[in-house]
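**Q** curious how this folds, go ahead:
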Amino acid sequence: MEIGVRKTFVIVSVKDHGAYLGESRDAGPEDRVLLPARQVPEGAKPGDEVEAFIYRDSADRLIATTAEPKIRLHETADLVVRETTRIGAFLDWGLEKDLLLPFHEQTRRVSAGDSVLVALYVDKTGRLAATMKVYPYLSCESPYKKGDLVKGVVYQIADNFGAFVAVDHKYSGMIPKRENPHVAVGDEPELHVTGVKPDGKLDLSLRGKAYEQISPDAEAVLRIIENEYSGHLPFDDKADPDRIRDVFGISKAAFKRAVGHLYKMSMLTQLGSLETALTGLDTAPKALLLAVGLLIALIYCFSGYTSIKAIGALFGFIVGLAIGFIIVGVMGLSSPLDIAVPAICGIIMAVISFLLFKLAVFFAVASAGVWLVEEALSHYPALSDNATKMLIAMCAGVALGVIGVLTMRHFIIIMTAIFGGIAFSKLIFDNIVLITWDSQVGTVLRILLAAGLAIAGMVHQFRTTGK
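**A** Sure thing, here's the model as predicted:
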């Protein structure tokens, strides 16, 4: 007998403790379920029909109820947390027995009184349970079209894709990463539908139509210029769109409208042209950057150990750049020192790393470790705080770097091969093949390519190093 659904049953027999229901009058004992006496309609008799919902009681027995639950099998709903225990949280779903939300089905920690979006499913033991991983249960058949204003709840944030939203708590939608959505799991923002995908999923934006957003954008741009750049715009309207989005959180077109609006209001009289050398990296052809990334990934994979000094020097240069920019920020240096100091620090660290083999090993292995751990955490939605993810990744990277220095050859080969394989696979699928993790086929292909390259890289490195 299917649980989690409400349907019409026939009363097979009536006893003092309740009525036994079946799908037909001649249902056998194993196909009957008890409707407790307090819920049996007055005057009910065998042969009468009754609407009931089937679930399991506190003794794990199938039981029927005429009460209407707040959620049914494979549906989604907002439910309130009654209490949390060592096995998970218990939710109020309108029935006597509270609904369990196991820890492993939570995408964030919840507390008593919280309202959470969940779906109802049958677990491996045959019991009804709740899950906050609602993506598979959301409908793609919404009534909305491009331009509509909707409301939804953010149920998951993925660094690679954006914020996943349940529109009206039941339709599948997403705020793309390019929108730079500043939202958290549990937020319920008002959103604009910017498009409907062929499969029915909704593309969403926190931002309104262009004519509605000019003033808010202008205010935001002015606030950032005043608070973070001492009143000077760090670049002009010819800057790379990605650079503009990173700084202001809006598209290049919206940025130009905002700046034009500020001109008209006489609140902006001059645009600076202070693009730094680092900004120039943003405007480099993406194809060239992709090719360089793929080449570095292959070098890591197949020549990580023999190229360790060069790799260490590269990441030593990057670390030196970071140190240099920190010095520039702390001391408030201006042009040309704001470029010269990071460059000098980078060169010094690169030379030191190249000359000191163990330092090169540390930088090469630690940088690979940071990236690998950060990439793994990006697929763990329960940890949505980027600062925490980065701290964990940094600590893990340092630990792996130390292990690499202590164990040397074997660990270096394994780490560089794994890093190179995963990095190459990610670059291919994120930029060329364009199959996301949402696709089961895409997930399998990503893993197969990464694993195949990693194994091939390990075999090649162990053979060519002559040990």
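
**Q** check whether Lys146 really touches Thr194, as I assumed.
**A** Yes - counting by CB atoms under 8 Å, Lys146 does reach Thr194; the two are 6.6 Å apart. Glycine gets a C-beta too; all of them are placed from N, C-alpha and C.

**Q** more neighbours, the two?
**A** Taking neighbours as other CB atoms under 10 Å, Lys146 and Thr194 compare with Thr194 leading, 17 against 11.

**Q** how close does the more buried one get to Leu445?
**A** From Thr194 across to Leu445, the span is 29 Å (CB to CB, to the nearest Å).

**Q** got any ranges where this protein has weak pLDDT?
**A** For the chain, the stretches with pLDDT under 70 are 180-181, 207-215, 226-238, 261-287, 289, 335, 378-387, 431-442, 466-467.

**Q** so where do the helices sit in it?
**A** Assigned by DSSP state H, the helices in the chain fall at 210-228, 241-248, 252-264, 277-282, 286-303, 308-331, 337-355, 357-377, 386-407, 409-428, 440-464.

**Q** format those as TSV; extra columns: distance to Lys133.
**A** Output for the helices of the chain, formatted as TSV (distance: least, CB to CB, whole Å):
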stretch	distance to Lys133
helix 210-228	33
helix 241-248	29
helix 252-264	34
helix 277-282	35
helix 286-303	31
helix 308-331	36
helix 337-355	43
helix 357-377	17
helix 386-407	19
helix 409-428	23
helix 440-464	15
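
**Q** nearest to Gly113, out of those helices?
**A** Smallest distance to Gly113 across these (CB to CB): 23.9 Å, for helix 386-407.

**Q** and the closest one, what's buried?
**A** 389, 392-393, 396-397, 400-401, 403-405 (16 or more other CB atoms under 10 Å).

**Q** how about stretch 322-330?
**A** Of the residues in stretch 322-330, 323-325, 327-328 count as buried by neighbour count, 16+ other CB under 10 Å.

**Q** what comes into contact with that stretch?
**A** Contact with stretch 322-330 is made by 333, 337-338, 341-346, 349, as judged by CB atoms under 8 Å, 6 or more residues apart in numbering.

**Q** what about it, distance to the chain center?
**A** Remark: stretch 322-330 is offset 30 Å from the chain centroid, using CA atoms, centre = their mean, to the nearest Å.

**Q** now do stretch 88-103
**A** Stretch 88-103 has its C-alpha centroid displaced from the chain centroid by 26 Å (CA atoms, centre = their mean).

**Q** next: stretch 325-333.
**A** Mean-position distance between stretch 325-333 and its chain equals 33 Å (CA atoms, centre = their mean).

**Q** not counting sequence-adjacent ones, nearest residue to Glu374?
**A** Leaving aside its sequence neighbours, Glu374 sits nearest to Ala393 (CB to CB, 6 or more residues apart in numbering; 4.0 Å).
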